[in-house]
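K.L.:
Okay, sequence plus prediction incoming.
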Amino acid sequence: MTKDVLLSIRGLQFNAAAEETNVETVTPAEYYKRNNKHFVVFEESSEGFEETTRNIIKFQEHSLDLTKRGLVNVHMIFDENKKNMANYVTPFGNILVGIDARRVRMKEEDQRISVDVDYALEINYEYMADCKLTVNIMSKGEEFSLQKKCC
């Protein structure tokens, strides 16, 4: 895997009313691997704000951490079969987020890594949705297929 990568993050939510919400972002990023842990770093802009948010995704088999610093601040931990809480700080106020990760799977190839996370989302101690997060990382120059499935 090269240092310069393309990153696709796809989030899918199913709320209690069976309504589906799908969000996807594709952005350039930097990739590192240290001590058997994978790191992806990228900047995120928010419409209407000049300040950006620096994102660090750290993952290994059965675990993914997302740290955001800047306009938005949070450290969310997705550990398989564990529930974690995080204080999500936004320009509009703070939100207490609960993440009950049911499954975290990683598939690593030469020039591509995929991570799938299935979890239940709580906001301020109330169940909000069942969610699926798919992270695809591919070396720049490789064919980038957003439809590629993981694990």
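P.N.:
It's in.

K.L.:
List of residues touching the strand or helix carrying L7?
P.N.:
Per DSSP states H and E: L7 is located in strand 4-15. Strand 4-15 has contacts (Cβ atoms under 8 Å, 6 or more residues apart in numbering) with 20-31, 40, 42, 121, 128-140, 144, 146. Placement of C-beta: from N, CA and C, glycine included.

K.L.:
Buried among these? Make that a PyMOL selection.
P.N.:
A single PyMOL command selects the buried members of these (16 or more other Cβ atoms under 10 Å):
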select buried, resi 29+31+40+42+121+129+130+131+133+134+135+136+137+138+139+144
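
K.L.:
So, low pLDDT: which residues of this structure?
P.N.:
Within the chain, the segments meeting pLDDT under 70 span 16-18, 142-151.

K.L.:
now the strands: where do they sit in it?
P.N.:
Along the chain, counting by DSSP state E, strands occupy 4-15, 20-34, 37-44, 53-60, 63-70, 74-79, 82-90, 93-108, 112-123, 126-139.

K.L.:
Can I get the strand holding L7 in CSV, CA atoms only?
P.N.:
Output of strand 4-15 as CSV, limited to C-alpha atoms (Å, rounded to 0.1, in the frame of the first residue of the first chain):
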residue,chain,number,x,y,z
ASP,A,4,-1.0,8.5,-0.8
VAL,A,5,-4.4,6.8,-1.0
LEU,A,6,-8.0,7.4,-1.9
LEU,A,7,-10.4,6.9,1.0
SER,A,8,-14.1,6.0,0.7
ILE,A,9,-16.3,6.1,3.8
ARG,A,10,-19.9,4.9,3.4
GLY,A,11,-22.4,5.1,6.3
LEU,A,12,-25.8,3.4,6.3
GLN,A,13,-28.4,3.8,9.0
PHE,A,14,-31.7,2.0,9.6
ASN,A,15,-33.8,3.7,12.3
